[in-house]
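Novice: Here's my sequence, what's the structure:
(chains A, B and C)
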Amino acid sequence: MITKWWASEEVWRKIAVWVTAGMLLVLMGLTFDTIPKISVGSERVPAYSIINQRIDYVFDEKRNFQVPVFGGEQPLFGKMLSEEEAEALVTWGKKITQGRNCINCHTLLGNGAYFAPDLTKAWLDPNWVDSDLREGLMINFLMDPPNNSMNSSGRKMPNMDISEEEAKAIIAFLKWMSSIDTNGFPYNFKPVEQEG
Amino acid sequence: MNNGVLDSNNLNGGQKLAVKYFSVAVILFVAQILFGLVTALQYIIPELFFEVLDFSVARTVHINALVIWLLFGFMGAVYWLLEDEAGVETVGLKLGNLAFWVFTLAVTIVVLVYLFVQVGPGDDTTRWLINEGREYIEAPRWADIGIVICILVFFYNAAATFMKGSWSGISGVLILDLVALAGLYLAGMFYTTNISVDQFWWWWVIHLWVEATWEVLVGCIMAWGLIKLLGVRRQIVTTWLYIEVALMFGSGILGLGHHYFWIGTPEYWFTIGGFFSALEPIPLVAMVVHALYDSGVHKFKAANHPAMAWLIAHTFGNFFGAGVFGFMHTLPQINLYTHGTQWSASHGHLSFFGAYATIVIAVFYIAVQQWRGGVWMSGDLPGNGWKWKWSLALLNIGVLGMTMAMLVAGYEQSFIERAIEGSTWSGYFAAQMHPWFIQGMNWRMVFGIVTAAGTVLLVWDLLTIGKGEKRTRQEVS
Amino acid sequence: MIDPVEMQNFFMAFFSGAMVIMLGALYALLLAWGRIKSSPAFVVAAYITYVLLTVFVLVLADTMNFEGFWNLITAVMLVGYLLAPHGIWILSRDTHTHEQEPSSIQS
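Specialist: Prediction:
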């Protein structure tokens, strides 16, 4: 019996090759479109110096979820940073989070492990009471998590030997991360009270 | 032929190397289970090994052992079928052997560093020598480079052997897939402070490995397995392999979009991710129907019953774990609540086991059969084959039970933590202390122990099945 | 543009998603089995399964608040999941046509 064309090995080999090539091409096109849109300094991923400003997370009627909104000056640790200084600090902060393997307990942008809270909007968490106390509380927590435990589940963050300078860099990274437009993730979030 | 005893004279050159890979794979599989038990217990007893072997450390080993044992299983499987498929002796086997020892040594060092050094300061040395701190690809950069070199040697062995011998549809797909597999790994080998760009490329490695190139790799193993175990004609499996490649890459490559909802990427990824996620189950359904069709045509007469059973488990596991459990929380309207909860863990456990662990175990059985001299492994095994049957049952029940337990916990989390409490830290802990979550974690522990019992039995069976067997393997046509 | 699922619809959103995929597979299996055995009963059962699948696709679309582009996904699921099992069956059958006559067309 002659094989019908739609069941022939030859035809499917061609389809497999063309489909794969086609999809890869589309993916490459989309990648070229997406990368500039998520580069630092773009609308969705702000420049590192955004840590000099106040960051909010506000419901947007048109997009139907919360989006980051930037206000006036709110320098981190009371010091305005240049673009280069901000980048250096955030970079150090991110490298520390990688070196301490944070992502194998926490999630960042929702990816990671599920043993500890998500850090996407950690800078805006109501846990830090208000914008006046926030920086101090965060430093204290990072430098000695077991003794500043903030939950009654019995689960504690281990002491990761984080110095004060390292804590500040981590906080810079967290503040910058909270400025990224994540299409409304986390949803229904209730941000910390900030003055003004 | 030396029937009934493990004798390397029963193996060809590539197969001798394959069983080395398999042996390390089994050890890493056991390690994965052990560290999984530790992490499961830490959910119940948070003080366990506090500041000695913290959750982050145990979990790093748990997921890295998983990736590496599956990779070793795949590499072993390719060395196993290489000479058979190409019709000539493996080219560059000495180099392949060397690469195996280098790779194994590297993995050992990496794991010891994870366990005893654990973390480092926020500088480049940490990422080069200790831990890269990115999920699944935690391996420090030196090890990344080592892995790429070993994979290149592996690729050389396979490609050169096929070039010297003969090509087939299976080997053609396999070689192209290995190129993609090695190439994609490079997407995870750079540092950037921009976490959106970081995760964008990170998903190329993670998604395009597990949902595209790994699926096609196991498709090749499956195709070869159907020829060997059932005697299906080559032309049929090759045609089906092409069909699966077309469907798998056709839906899976842009299925990547369902990971680009919340990492800073533009909103158009909602539609791309949603659309292709709806297509992704189709190849899995096709595989279930086709596998049963073939088994039916051949009247379920197989040369190796344990392997055949694990292949069937693979088609169903792939369908349920990746298909059903993937689709039910993948659309952005619901993923907004489930992303980064125990839902993901639930889906992850069932799909990694269902899609990959099962088929590697099937290959272990095929290997053991030949290693013992091509002995009988169909029906009427001593003790009615209770060991393989029970380990199959315990492993499947164990993983399915863990999956369901985590599903309940994740469901509760999406309610309490996400919908009601609004994803804050206090919301997170409120959800972690909810009775549903606590019970979910308790049941996960119970089924984790069932899984561990199944693993012990599996290892025992692999070491003993076919021992002293004098009958030769069932003929299939 | 998405409209997230409301809390009271969580269960149905997950459940209908899972049912769509499982019924899709069941439909494909029943159809293939009915054709192999030339059993109209199984083919009828297959189509009943598809009707159920339709219901769950609509429930899914409703609980997920599909609108605009997302209606296209509903349509693709309804049509695609109706036709795909036929395609799978036809391919299973037609790729095995020379299974019965060995040697003659060996590749």
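Novice: rest of the way, CA atoms for contacts and neighbours
Specialist: OK.
Novice: Quick one: the helices in chain C, in order.
Specialist: Secondary structure of chain C (DSSP state H): helices located at C:10-36, C:40-63, C:69-95.
Novice: which one of the ones you listed lies closest to chain A?
Specialist: In terms of Cα to the nearest Cα, the element of these nearest to chain A is helix C:69-95, at 5.3 Å.
Novice: hang on, the earlier thing: quick one: closest of the helices of chain C to chain B.
Specialist: Using Cα to the nearest Cα as the measure, helix C:10-36 is the one of these that comes nearest chain B, at 4.5 Å.
Novice: so does that closest one get close to chain B?
Specialist: Yes - under the criterion of Cα under 8 Å from any Cα of the partner chain, chain B is reached by helix C:10-36 at C:10, C:13-18, C:21-22, C:24-25, C:28-29, C:32.
Novice: Can you name every helix or strand that the top helix by length along chain A contacts?
Specialist: Scanning chain A for the longest helix, with DSSP H as the assignment, gives helix A:9-37. Packing partners of helix A:9-37 (3 or more Cα pairs under 8 Å, 6 or more residues apart in numbering or on different chains; DSSP states H and E): helix B:234-255.
Novice: Taking helix C:69-95 as reference, get the angle to the helix it packs on.
Specialist: Orientation check (axes from the mean of the first three to the mean of the last three Cα atoms, to 10 degrees): helix B:234-255 against helix C:69-95 gives 170 degrees.
Novice: Quick one: name whatever helix or strand follows helix B:234-255.
Specialist: Sequence-wise, the next helix or strand downstream of helix B:234-255 (DSSP states H and E) is helix B:268-279.
Novice: hang on, the earlier thing: want to throw the helices of chain C into TSV with mean pLDDT?
Specialist: Formatted as TSV, the helices of chain C follow (pLDDT from 0 to 100):
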stretch	mean pLDDT
helix C:10-36	94
helix C:40-63	96
helix C:69-95	92
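Novice: Tell me which of those helices sits most buried.
Specialist: helix C:10-36 (a mean of 22; mean count of other Cα atoms under 10 Å in any protein chain shown).
Novice: Determine if any part of that one is in contact with chain A.
Specialist: No - using Cα under 8 Å from any Cα, helix C:10-36 never reaches chain A; the gap is at least 14.6 Å.
Novice: Spell out which parts of chain C neighbour chain A.
Specialist: Checking chain C against chain A by Cα under 8 Å from any Cα, the hits are C:1-3, C:91, C:94-95, C:97-98.
Novice: oh, I was asking about the stretch 1-150 of chain B
Specialist: Those residues of the stretch 1-150 of chain B that sit near chain A, judged by Cα under 8 Å from any Cα, are B:43, B:46-47, B:50-51, B:54-57, B:59-60, B:118-124, B:126-127, B:130-135.
Novice: which of those residues count as buried?
Specialist: Buried residues within the residues of the stretch 1-150 of chain B next to chain A, counting neighbours by 16 or more other Cα atoms under 10 Å in any protein chain shown: B:43, B:46, B:50, B:54-57, B:59-60, B:118-124, B:126-127, B:130-135.
Novice: Just those: which are in helices?
Specialist: Of those, the ones assigned to helices by DSSP H are B:43, B:55-57, B:59-60, B:124, B:126-127.
Novice: Nearest to chain C among those?
Specialist: Closest to chain C out of those is B:Tyr43 (25.3 Å), distances taken as Cα to the nearest Cα.
Novice: contacting residues for the closest one?
Specialist: The contact partners of B:Tyr43, by Cα atoms under 8 Å, 6 or more residues apart in numbering or on different chains, come to A:115, B:441.
Novice: Could you chop chain A up by domain?
Specialist: If you go by automatic domain parsing, the domain ranges for chain A are A:5-37, A:48-177.
Novice: And those: which comes nearest B:Leu381?
Specialist: Closest of the domains of chain A to B:Leu381 is domain A:5-37, at 38.1 Å (criterion: Cα to Cα).
Novice: in the closest one, what counts as buried?
Specialist: Across domain A:5-37, burial judged by 16+ other Cα under 10 Å covers A:7-9, A:12-13, A:15-16, A:19-20, A:23-24, A:27, A:34-35, A:37.
Novice: likewise stretch A:118-130?
Specialist: Within stretch A:118-130, the residues that qualify as buried by neighbour count (16+ other Cα under 10 Å) are A:118-128, A:130.
Novice: and B:Phe364, how many residues sit next to it?
Specialist: B:Phe364 is flanked by 23 other residues according to other Cα atoms under 10 Å in any protein chain shown.
Novice: Excluding chain neighbours, what is closest to A:Ser42?
Specialist: Excluding its sequence neighbours, the residue lying closest to A:Ser42 (Cα to Cα, 6 or more residues apart in numbering or on different chains) is A:Pro36, at 7.3 Å.
Novice: okay but B:Thr455 is in contact with B:Leu392, surely?
Specialist: No - using Cα atoms under 8 Å, B:Thr455 is not in contact with B:Leu392; the gap is 9.0 Å.
Novice: give me the low-pLDDT residue ranges for the chain?
Specialist: Answering for chain A, as no chain was given. Across chain A, the ranges flagged by pLDDT under 70 are A:1-2, A:196.
Novice: oops, I was thinking of chain B
Specialist: In the predicted model of chain B, residues B:1-2, B:477 satisfy pLDDT under 70.
Novice: From B:Ala18, how far off is the residue nearest the centre of it?
Specialist: Centroid check for chain B by Cα atoms, centre = their mean gives B:Tyr356 as the closest residue, at 3.6 Å. B:Tyr356 is 17 Å from B:Ala18, where distance means Cα to Cα, to the nearest Å.
Novice: Kindly report the same for B:His259.
Specialist: Taking Cα to Cα, one finds B:His259 at 34 Å from B:Ala18.
Novice: These two - which one has more neighbours?
Specialist: Per other Cα under 10 Å, whichever of B:His259 and B:Ala18 has more neighbours is B:Ala18, with 27 against 22.
Novice: I'd say that one and B:Leu81 touch.
Specialist: No - using Cα under 8 Å, B:Ala18 is not in contact with B:Leu81, being 9.1 Å away.
Novice: Next, the contact list for the residue nearest the centre of chain C, please.
Specialist: For chain C, the residue sitting closest to the mean C-alpha position, by Cα atoms, centre = their mean, is C:Gly24 at 2.9 Å. Neighbouring residues of C:Gly24 by Cα under 8 Å, 6+ apart: B:285, C:49-50, C:53, C:81, C:85.
Novice: cool, and C:His96?
Specialist: Residues near C:His96 by Cα under 8 Å, 6+ apart: B:Ile236.
Novice: Got phi/psi on it?
Specialist: phi -100, psi 10 (degrees, to the nearest 10).
Novice: same check, this time on B:Val5
Specialist: The phi and psi values for B:Val5, taken as degrees, to the nearest 10, are phi -120, psi 150.
Novice: separation between B:Ser196 and B:Leu336?
Specialist: Remark: distance between B:Ser196 and B:Leu336 (Cα to Cα) = 17 Å.
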